[in-house]
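# Dropping the sequence and predicted coords here.
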Amino acid sequence: MFQCTFKIYYEDTDAGGVVYYANYLKFIERARTEMINKLGFTLTTLLKEHDRLFLVKKIECDYIESCKLEDIINVQSNISVLKNASFELEQNLLKQNKIIFRSKIVMVCVNSQGAPSKIPNELHRLMKNKDG
């Protein structure tokens, strides 16, 4: 499992100090990027050196409880299914160790032309063997 911690800033909230619903998707996107970084890759090098991008194919999410200004949140990311050119990821957002947002995402690997492509071998191996 991979974990990232974020603080909720004013820019993340609406006029009432509650996090705008679409920003939860930004938080889990940032956590996915950090997961790739922790595995020793960057999105830039994946594109430049491997001609690979990751795209969201499908996402399901449940909003359980709101976040508010200055809350500290933890995003837990766990790869549940790993295939040659895609993976499924469960990402939960926790506040004070309580799940307040759940998501399941299917990510696909494509080349710069948009064609499905295998996840680079080294990254695939690390995703398979890494527990975060």
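Yep, that arrived.
# Show the pLDDT at the residue nearest to Val81 when sequence neighbours are not counted.
In this structure, Val81 finds its nearest non-sequential neighbour in Glu88, 3.9 Å apart by Cβ to Cβ, 6 or more residues apart in numbering. (Each C-beta comes from the backbone N, C-alpha and C, glycine too.) In this model, Glu88 is scored at 97, pLDDT.
# go on, Asp131?
54.
# sorry, back to before: please give me every residue in contact with the residue nearest to Val81.
Going by Cβ atoms under 8 Å, 6 or more residues apart in numbering, Glu88 touches Ile79, Ser80, Val81, Leu82, Lys104, Ile105, Val106, Met107.
# List just the nearest of the residues you listed to Asp51.
Taking Cβ to Cβ as the measure, Met107 is the one of the contacts of Glu88 closest to Asp51, at 16.7 Å.
# quick one, helices of this structure?
Using DSSP state H, the helices of the chain run over residues 23-38, 43-50, 121-129.
# Thanks again, I'm all set now.
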